[in-house]
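Visitor: Return a 3D structure for these sequence lines:
(2 chains)
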2 protein chains.
Amino acid sequence: MTEIVHMNKLKINISRLNDMLEQLSVIGRDEQGGITRLAGTEADKEARDLVVNWMKEAGLNVFIDRIGNIIGFRNGLENIKPLMVGSHIDTVISGGKFDGSYGVLAGLEIIMTLNDNKIKTKQPIALCVFTNEEGVRYSPDMMGSLVYANGLSVKEALRSINNEGGTLGQELQKIGYAGDARCGLYIPSHYIELHIEQGPILNMERIDVGIVDSLQGILWKEITILGESNHAGTTPINYRKDSGLAAANLILFLRHLCEKVGGGQVATCGKIRFDPNQINVIPGKVIMTVDLRNSDEAKLNEAEQLLDDYLSEVSNVESFNITSKILVRLHPIAFNEFLVSLIEKNAQKLGFTYRKMTSGAGHDAQMMARICPSAMIFVPSVDGISHSPLEYTPSTDIENGANLLLHTVLELANQDSVT
Amino acid sequence: MTEIVHMNKLKINISRLNDMLEQLSVIGRDEQGGITRLAGTEADKEARDLVVNWMKEAGLNVFIDRIGNIIGFRNGLENIKPLMVGSHIDTVISGGKFDGSYGVLAGLEIIMTLNDNKIKTKQPIALCVFTNEEGVRYSPDMMGSLVYANGLSVKEALRSINNEGGTLGQELQKIGYAGDARCGLYIPSHYIELHIEQGPILNMERIDVGIVDSLQGILWKEITILGESNHAGTTPINYRKDSGLAAANLILFLRHLCEKVGGGQVATCGKIRFDPNQINVIPGKVIMTVDLRNSDEAKLNEAEQLLDDYLSEVSNVESFNITSKILVRLHPIAFNEFLVSLIEKNAQKLGFTYRKMTSGAGHDAQMMARICPSAMIFVPSVDGISHSPLEYTPSTDIENGANLLLHTVLELANQDSVT
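Guide: I've put the predicted structure just below:
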């Protein structure tokens, strides 16, 4: 009984966690204050060395697998499947200090907190730093977790080539992280990833933590609209086949589509090119992209169908020649209900306001969900800004998220029925 | 009386005119079949030499003025102000064979026809080839006629610099067309320019000739819309400030504006740039252009006011930060009513179907209108295509336009009351 009371009051050391975040953020820092630590580079090596050192100081057994994932292992009282936490420490170009690093260092901090309090758990705990989550130099993104979850062969992943022509395999060799551990070394009982939201919802709704129960499916399409290029002065309005106007109508349609499908459907035209793109010429051709996301597969399919129907109608009625091709199609992920409830229970216990939510961005957790029950915890991103030097989360939120992870891990790792 | 009957049946020699058009079109011909004959280049020199030779063979006195305009002079029975016809022989990059050249060579052909028929006119006739109408390498366009009409000093025009750093003055020296005649050598009694329409109206309405009574005023604006760049997955629709969506609404508004203003109002967004222009990022900034044209100054002002009001409203209500700057502002031109009626009378006499119309493109005639009564005659452009190797006008239309010019010039140059 005394132990449980003690456990309920257990807290991570926020100043130590902030220190680690700060120290890691110096590596790859650029002039704009952003962090550029692309997978396989010297900055990646330096960051890995620092984290591995800390892991060893915290008493973890550290393994490097063949794709360069770093696994720190803390023994449990029983020799059973470990519980896994983790994320990544590579960044985009001029990214922020919290994306990825927060999940890794908060995982390390909870292990240090357990050590400080001499707490042993029934289950082992594994902390994983996944290689190349951002996918800036090597494709695909979320590569380390995808290989870990057996979704891509390690051979193929190591052959991925960057712009300068080097393979990831060569670069991992060069920086000393071409390990020899088997990929998928431990199949965890559960995987939990703590991350900043990278969106505005928690911040705008003033909610402490998000419990991520799903991850959006993604459909990327490139759409080409062929009209007729003509003189902007001499061609009367009723004689025009203006593909720029057709593109504008499509952008407006995307907004209507979101309202029609509902359920958190989002649709974006992020990229557009007019041809010939001259001030005094009616655009004859437009190439544009559409990004559709929904955490519900049926709704995402509905959105796709609405888009296709709209494009057919515009082709038939307005006689534009429209072609489209699918660039990316990822199914939505539903995270594990039991884990989601457990996180919810602990959020209540700790007195945090919370909401269940979907993740609009991809994360290593979606790959780990292929091999074990998985879920995520989000903390607010101020103004929803991410992948930017302006990415920011206040220390209170950093602390809250880490404490929620701590208590969820503690309860989970001391459960009776894990095998 | 006999003479008048004879005169009414007078016709230009279409095979000679077609031959000249064909010979001239070979100079500067590129692989795509287009013609690249930019002002001041070797191709321009070669074309000028050919036309000057023909002018001399036709008995014209040829003068080159300081801006390189070529003036061929045919004496009249009286020593009075000449009637002037003309156009240009420079082209855009990979342009067509009729734009400009048609007006010059048809002018030459009617002089040859007068010669063949030993017809003398009361008034002298001047044929002018204006320098740098297209303005591709040297700014502004319609430069030769602008200088001729005293709208720009010859010194300033000669200092205009191309991409490689050379001045027009240097290039005219190099190709032998830095003449010594005064710019504005003859102030004509009237100026008439024959040109292809460069728009679809005559072709689509199956009308023989257009009688151009006005030239559109032009307003070019560059509009910058600042919204908020955010993640396309994690930012719900109701939290977005999508400048791409605002741009799409503006493009649709432009079409409504045309319907509201009426009277041939046209509006075009020909050029657009999203920033950062990434498939998975909501555009934070859009830079786009708007091209507004109307032949009625009051209506063009109304259109501009509607646009400005719309942009203010979007700034205020939707809190986008919108800025705009004027790139070009040209007033509409009303051509001379007497000349328009005279052309109309001759079109009726020759049995041509015709319509009065406005010109959506700029022409040397708008500059000449500053110093003398001016008007234009258009012939159909197939599918409205121009500034392209595909530019085409059938030989019948070429013949009709030249005959209409011939008869109008004949009537005008034999009038009683010209001083």
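
Visitor: Ramachandran coordinates for A:Ile326?
Guide: The phi/psi pair for A:Ile326 (degrees, to the nearest 10) reads phi -80, psi 130.

Visitor: residues contacting it?
Guide: A:Ile326 makes contact with A:219-221, according to C-beta atoms under 8 Å, 6 or more residues apart in numbering or on different chains. All C-beta spots, glycine's among them, are computed from the backbone N, C-alpha and C.

Visitor: Dump those residues to a markdown table, plus pLDDT and distance to A:Asn132.
Guide: As requested, these are arranged in a markdown table below (pLDDT from 0 to 100; distance: C-beta to C-beta, whole Å):
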| residue | pLDDT | distance to A:Asn132 |
| --- | --- | --- |
| A:Leu219 | 95 | 23 |
| A:Trp220 | 94 | 20 |
| A:Lys221 | 96 | 26 |
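
Visitor: Could you list which of the residues you listed also contact chain B?
Guide: A:Trp220 (C-beta under 8 Å from any C-beta of the partner chain).

Visitor: of all the contacts of A:Ile326, which comes closest to chain B?
Guide: A:Trp220 (5.9 Å; C-beta to the nearest C-beta).

Visitor: sec struct for the closest one, please.
Guide: Three-state assignment for A:Trp220 (DSSP: H, G, I helix; E, B strand; the rest coil): strand.

Visitor: hmm, back to that, I'd like the contacts of A:Ile326 as a markdown table, with neighbour count appended.
Guide: Listed next are those as a markdown table, based on neighbours: other C-beta atoms under 10 Å in any protein chain shown:
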| residue | neighbour count |
| --- | --- |
| A:Leu219 | 21 |
| A:Trp220 | 20 |
| A:Lys221 | 20 |
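
Visitor: Do any residues in the helix or strand encompassing A:Gln366 lie close to chain B?
Guide: Element membership for A:Gln366, per DSSP states H and E: helix A:364-368. No: judged by C-beta under 8 Å from any C-beta, helix A:364-368 and chain B are separated, with a smallest distance of 12.1 Å.

Visitor: For that helix, output the C-alpha coordinates as PDB.
Guide: Only the C-alpha atoms of helix A:364-368 are listed here, as PDB (Å, rounded to 0.1, in the frame of the first residue of the first chain):
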ATOM      1  CA  ASP A 364       7.200   5.100 -36.000                       C
ATOM      2  CA  ALA A 365       4.300   3.900 -33.900                       C
ATOM      3  CA  GLN A 366       2.300   3.200 -37.100                       C
ATOM      4  CA  MET A 367       5.000   0.700 -38.200                       C
ATOM      5  CA  MET A 368       5.300  -0.900 -34.700                       C
END
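
Visitor: Let me know the average pLDDT across that helix.
Guide: Across helix A:364-368, pLDDT averages out at 96.

Visitor: about what we covered before: Serialize the contacts of A:Ile326 to TSV and add fields for distance to A:Val52.
Guide: Below are the contacts of A:Ile326 laid out as TSV (distance: C-beta to C-beta, whole Å):
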residue	distance to A:Val52
A:Leu219	39
A:Trp220	36
A:Lys221	42
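
Visitor: Next, the buried residues of the helix holding A:Gln366.
Guide: Buried positions in helix A:364-368, judged by neighbour count with 16 or more other C-beta atoms under 10 Å in any protein chain shown: A:364-368.

Visitor: Tell me how far the spatially most central residue of chain A lies from chain B.
Guide: Note on chain A: the residue nearest the mean C-alpha position is A:His363, at 2.9 Å, using C-alpha atoms, centre = their mean. A:His363 is 11 Å from chain B, where distance means C-beta to the nearest C-beta, to the nearest Å.

Visitor: For A:Leu410, give me the backbone phi and psi.
Guide: Here is the backbone geometry of A:Leu410 (degrees, to the nearest 10): phi -60, psi -50.

Visitor: Now it: closest residue in space that isn't a chain neighbour?
Guide: A:Met7 (6.4 Å; C-beta to C-beta, 6 or more residues apart in numbering or on different chains).

Visitor: Tell me the secondary structure at the one you found.
Guide: Quick answer, by three-state DSSP: A:Met7 is helix.

Visitor: Figure out the length between the terminal residues of stretch A:332-342.
Guide: Length of stretch A:332-342, first residue to last, C-alpha to C-alpha, to the nearest Å: 22 Å.

Visitor: Buried residues in that stretch, which are they?
Guide: Residues A:332-333, A:335-336, A:339-340, A:342 are the ones in stretch A:332-342 that count as buried (16+ other C-beta under 10 Å).

Visitor: and which of these is nearest A:Gly227?
Guide: Taking C-beta to C-beta as the measure, A:Pro332 is the one of the buried residues of stretch A:332-342 closest to A:Gly227, at 34.9 Å.

Visitor: give me every residue that touches the closest one.
Guide: Applying C-beta under 8 Å, 6+ apart, the residues near A:Pro332 are A:214-217, A:294-297, A:300.

Visitor: let's go with 10 Å and repeat that
Guide: A:Pro332 sits next to A:214-218, A:293-300, A:358-359, A:366 when contact means C-beta atoms under 10 Å, 6 or more residues apart in numbering or on different chains.
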